[in-house]
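Colleague: sequence and predicted structure are below.
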Amino acid sequence: MWDKFAQIFRIPELRKRIVFTLGVLVVFRIGTHIALPGVDAEGLRAFFAEGIFGFLDMFVGGALGRFSLFALGVGPYINASIIMSLLVPIIPKLKELQQQGREGQRRINKYTRYGTLGLAVVQSIGICALVVGQGLAPATTWFYLTSILTLTTGTMLLMWIGERITENGIGNGISMLIMVGIIAEFPRQLYAVYTEVVLGVVHPIWAIIMLAVMVALIAGVVIVQQGRRKIIIQYAKRTSGRRIYGGHSSHLPIRVNQGGVIPVIFASALLSIPVTMIQFVPALDWLGPYVEMGSLPYMIVFVLMIFFFTYFYSSITFDPDDVAKNIRESGGFIPGVRPGKPSAAHISAILSRILAVGALFLAAISVFPFIFADISGIRGFLVGGIGLLIVVGVGLDTLMQIEAHLTMRHYESITKGGALLGRRR
């Protein structure tokens, strides 16, 4: 284990990527502690510590409670990505861009950035109005201008940082920022549970059960994230000159959790919108019991949205027709299934069943903490299944990328060694 860890830092490119990622994440953590001037810090911390705002504060590493430079986090970018993903299949022009490959995707990303800017401005105005309405900041034009400009700039900077991590670092940049924010809040929330136990609000046995449940959830996430359904692919023998090609079998791996943590992040982001709107529009107070985090209607909608985004994200990233076409063109076939459309239908049926299992797991692990909180009375631990799912999922994806770099380096060493040996002969 330690040899492999040391090997990571022996490879110059991999070492450079890891150091770059760690350095950028340090900048992110520093930005979460740069508070905007003119606000009541203690009052803000107490206001944003509970309910939906406490839940959102977890994703930005406590930046919302401090009203800091990165208070909005990457929320506007996630919402803009959701909107763009929903518009691509509907608008023919965007559909054409998606089919144009890298250049088309670049233009779609450009539109997503514009959408992020617009949503960041709107959310900045909303959060400033909320803070002023609670009497935690002065209702001056100067406060609004500086705060809106600073919060919007912070979100755009985070979006740029996330893209740089994805391009020059290790892992998915946006997911890494969310994961680091959750990990940063983890000790504080554990201390909140400890305080509840000391004050007698929660029986100590529930804290022990909570730790055991966390270990079980982590194990379950790892098992499901690594789970694959392998479809056997057989390649027919063919002769070219004096050589015979094919005649071997392979497999097509389909992940149980095809979308990773994306469905949960998308569903959480969308569900935070109506809850936040209630804070700004008093006339919508009657909706409070129905959209309150942890309520039965909230959990039902949450589960439905996780299922929707699981299938929706898979439809964007995995096309059974293209897969079946590629298998046929490479001279392969699925045993017992005819090539072409029958193969595509077979793959689609398997994918649909696998996605149902993955979505059910995501829904269960996301909703269970709310049920456990009602049973145990633990209210201070907001990380729950969603946070653990994101941390473990992103961590596994990052480790897989590191493993891929190590494997590629190993093959390059073998290739160079073989070439050098050939020259000597």
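Modeller: Alright, I've got the coordinates.

Colleague: and for Leu87, the neighbour number?
Modeller: When counting by other Cβ atoms under 10 Å, one arrives at 15 neighbours for Leu87. (C-beta placed from N, C-alpha, C; glycine too.)

Colleague: quick one: the strands in this structure?
Modeller: Using DSSP state E, the strands of the chain run over 228-235, 238-240, 243-245, 249-255, 332-333.

Colleague: chain center to the shortest one, what's the gap?
Modeller: Using Cα atoms, centre = their mean, to the nearest Å, the distance from the centre of strand 332-333 to the centre of the chain it belongs to is 34 Å.

Colleague: pairing partners for that strand, with directions?
Modeller: Using DSSP bridges, strand 332-333 pairs in its sheet with strand 228-235 (antiparallel).

Colleague: which positions in the strand it pairs with come out as buried?
Modeller: 231, 233-235 (16 or more other Cβ atoms under 10 Å).

Colleague: hang on, the earlier thing: put together TSV for the strands of the chain, with distance to Val27 on each row.
Modeller: Formatted as TSV, the strands of the chain follow (distance: least, Cβ to Cβ, whole Å):
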stretch	distance to Val27
strand 228-235	36
strand 238-240	55
strand 243-245	52
strand 249-255	32
strand 332-333	47
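
Colleague: and the ones you listed: which comes nearest Trp206?
Modeller: With Cβ to Cβ as the criterion, Trp206 lies closest to strand 249-255 of the strands of the chain, at 34.4 Å.

Colleague: what does that closest one rub up against?
Modeller: Strand 249-255 is touched from outside by 225, 227-235, 318, 323, 327, 332, 347, 350-351, 354, 358, with contacts defined as Cβ atoms under 8 Å, 6 or more residues apart in numbering.

Colleague: just checking, Gly75 touches Gln123?
Modeller: Yes: the pair Gly75 / Gln123 is scored as a contact, 7.0 Å apart, by Cβ atoms under 8 Å.

Colleague: tell me which of the two has more neighbours.
Modeller: For Gly75 and Gln123, the more surrounded residue by other Cβ under 10 Å is Gly75, and the numbers stand at 26 against 21.

Colleague: relative to Leu64, how far out is the closest residue to the more buried one other than its chain neighbours?
Modeller: Closest residue to Gly75 apart from its sequence neighbours, by Cβ to Cβ, 6 or more residues apart in numbering: Ala269 at 6.2 Å. As judged by Cβ to Cβ, to the nearest Å, Ala269 and Leu64 stand 14 Å apart.

Colleague: neighbour-wise, which of the two wins?
Modeller: Taking other Cβ under 10 Å, Ala269 and Leu64 do not tie; Leu64 has more neighbours (27 against 20).

Colleague: so what pLDDT did that one get?
Modeller: Predicted confidence (pLDDT) for Leu64: 83.

Colleague: can you pull the contacts of it?
Modeller: By Cβ under 8 Å, 6+ apart, the contact list for Leu64 reads 48, 53, 56-57, 71-73.

Colleague: at 10 Å what do you get?
Modeller: 32, 44-45, 47-49, 53-54, 56-58, 70-73, 75, 127, 181 (Cβ atoms under 10 Å, 6 or more residues apart in numbering).

Colleague: ok, Ala269 next?
Modeller: By Cβ under 10 Å, 6+ apart, the residues touching Ala269 are 56, 59, 74-79, 81-82, 305.

Colleague: with pLDDT as added columns, please give these in a markdown table.
Modeller: As requested, the contacts of Ala269 are exported to a markdown table (pLDDT from 0 to 100):
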| residue | pLDDT |
| --- | --- |
| Leu56 | 75 |
| Phe59 | 76 |
| Val74 | 87 |
| Gly75 | 84 |
| Pro76 | 89 |
| Tyr77 | 90 |
| Ile78 | 85 |
| Asn79 | 83 |
| Ser81 | 86 |
| Ile82 | 80 |
| Met305 | 90 |
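
Colleague: tell me the one of those residues nearest Gly171?
Modeller: Using Cβ to Cβ, Val74 is the member of those that lies nearest Gly171, at 14.0 Å.

Colleague: what's the neighbour count on the closest one?
Modeller: Neighbours of Val74 (other Cβ under 10 Å): 26.
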